[in-house]
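> Quick one, structure for this:
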Amino acid sequence: MRSIRNIVVKKTMPVFLIFLMVTSCTNLSNTSNYNADSKSNVNWSHIDKIDINEINSDLVNGKPTVDIGIYFPSNLDSTFTKVTLNKMIESFLFAKEIFKPTDVQLNLLFAKTGNINPSYLSIQANETPGIPDTEYVNLYENSRRHPSIPTTHAIDAFRSIVEKDINNSRTIYLIALQDVFYPFLTLAEGRNWMMKTVRTGGLSFPSYSYVDQIPEELRGVITITNLSTEDRYRKTIAHELGHKLINVSHEYNGINPGFEVFDEGGLMLYGSGEDIPSGKEGRWHLERLQLSPYLYKIDESGNKIWSGDYKEAGHYYDPIYDNYVIHFLPEPQINDDW
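Purely as a prediction, here's the structure:
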């Protein structure tokens with residue numbers, strides 16, 4: 001039996017006091033077992049003891065806002081401890097803090113639990129890619145031509161997990177899973193590439209990479225699989241939201257995007273940085289964030305006024321961003337005399 005203790009999250013901004021008195025995610029009365037049909041939908045139950053109103057008490061009408069839902073399976077293996085409900089909520093609150101200087105608000109729609117098909121606890125995110133980045137076009141241009149293709153297993157999992165809603169394509173879904181593997185190509189030697197697979201701690205399935213390959217109603221999914229260390233649970237959700245909302249890879253200021261980029265300063269790098277810069281020198285991160293189709297504002301009548309949607313499925317150079325893009329040269333990985 002899993003117990004969820006009281007959480008007190010101390011923040012540099014206002015202090016949030018969230019009481020989670022859930023005795024067991026697996027014993028909620030409204031949660032039923034998954035159906036043997038692998039494509040059947042999960043019967044989710046609200047985790048009532050999570051005070052959604054308290055978490056959202058800082059929201060202000062008229063400011064750009066993102067709707068986010070949390071799905072936390074109740075049948076995670078007992079040996080899996082890298083993501084707990086406590087950590088998910090704490091990481092979400094840290095993400096609110098990190099995005100606060102941008103004036104973008106994170107609205108928690110729900111936190112739900114339920115039994116999912118155990119085969120979906122571990123998934124391979126995408127098919128093995130066939131075309132690596134070369135010296136002819138940059139990473140974003142290559143991704144537009146040859147987008148990542150999600151596996152059928154991953155799409156089936158998300159279809160069973162994400163509940164149908166009129167705003168599916170405008171909502172972010174944080175899904176706790178045990179393993180999400182991401183295969184990619186890397187240069188081996190000479191003119192030879194090899195396939196590697198990385199075990200992700202979080203994966204945002206961003207539009208700059210997947211473009212039109214993910215069904216529109218599932219484009220908001222983000223998987224969370226490791227919040228086990230302090231740096232991970234503080235930054236992981238905010239970092240993955242950055243991929244989704246800013247729609248960029250690992251880049252910052254003068255650092256061009258790459259698959260794995262370790263440095264300090266920016267939210268979108270692997271490191272402790274949390275900065276979301278603006279202007280051309282900041283690669284237009286703030287401006288791109290403000291144009292995200294996942295944002296809306298509440299008008300005086302209480303209606304959601306959504307930002308414009310992607311015009312070309314959300315590749316990095318989508319016309320929605322106008323001039324808020326960086327045209328950079330590819331960085332050759334092999335010698336010209338290959």
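> just checking, next helix/strand downstream of the lengthiest helix in the chain?
Longest helix of the chain, by residue count under DSSP state H: helix 230-246. For helix 230-246, the following helix or strand on the C-terminal side (DSSP states H and E) is strand 250-252.
> And for the helix or strand just after that next one, what's in contact with it?
Scanning forward in sequence from strand 250-252 by DSSP H and E, the next helix or strand is strand 255-258. Contacts with strand 255-258, where a contact means C-beta atoms under 8 Å, 6 or more residues apart in numbering, come from 138-140, 248-251, 261, 263, 266, 269, 328, 331. Heads up, the C-betas are built off the backbone N, CA and C, glycines and all.
> Give me the buried entries from those.
Listed as buried from those are 138-140, 248-251, 261, 266, 269; burial here means 16 or more other C-beta atoms under 10 Å.
> Out of the residues you listed, show me where the pLDDT dips lowest.
Among the buried ones among the contacts of strand 255-258, Val261 carries the lowest pLDDT, at 87.
> residues in contact with that one?
By C-beta under 8 Å, 6+ apart, the neighbours of Val261 are 250-252, 255, 269-270.
> Can you point out the buried residues in the longest helix of the chain?
For helix 230-246, the neighbour count (16+ other C-beta under 10 Å) marks 232-246 as buried.
> which two in those residues are spaced the farthest apart?
Tyr233 and Ile246 (20.8 Å; C-beta to C-beta).
> Tell me where the stretch 1-150 of the chain has helices.
Secondary structure of the stretch 1-150 of the chain (DSSP state H, counting those that start in this stretch): helices at 52-55, 85-99, 139-145.
> And the ones you listed: which comes nearest Gln290?
helix 85-99 (11.5 Å).
> Just the closest of the buried residues of helix 230-246 to Val104, please.
For the buried residues of helix 230-246, with Val104 as the reference and C-beta to C-beta as the criterion, the closest is Leu245, at 7.5 Å.
> was I right about the closest one contacting Thr102?
No. Contact criterion C-beta atoms under 8 Å: Leu245 and Thr102 do not qualify, at 9.5 Å.
> what sits in contact with each of those two?
With C-beta under 8 Å, 6+ apart as the test, Leu245 and Thr102 both reach Leu289.
> give me every residue that touches His239.
His239 is in contact with 202, 267-268, counting by C-beta under 8 Å, 6+ apart.
> follow-up on the earlier one: can you dump the C-alpha atoms of the longest helix of the chain in CSV for me?
The C-alpha trace of helix 230-246 is given here as CSV (Å, rounded to 0.1, in the frame of the first residue of the first chain):
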residue,chain,number,x,y,z
GLU,A,230,16.3,17.2,-6.0
ASP,A,231,17.4,18.7,-9.3
ARG,A,232,15.2,16.3,-11.3
TYR,A,233,12.0,17.0,-9.4
ARG,A,234,12.6,20.8,-9.3
LYS,A,235,13.2,21.2,-13.0
THR,A,236,12.0,18.2,-15.0
ILE,A,237,8.3,19.2,-15.4
ALA,A,238,9.3,22.9,-16.2
HIS,A,239,11.9,21.7,-18.7
GLU,A,240,9.5,19.4,-20.5
LEU,A,241,6.9,22.2,-20.5
GLY,A,242,9.5,24.4,-22.1
HIS,A,243,9.9,21.9,-25.0
LYS,A,244,6.2,21.8,-25.4
LEU,A,245,5.3,25.5,-25.0
ILE,A,246,8.4,27.2,-26.4
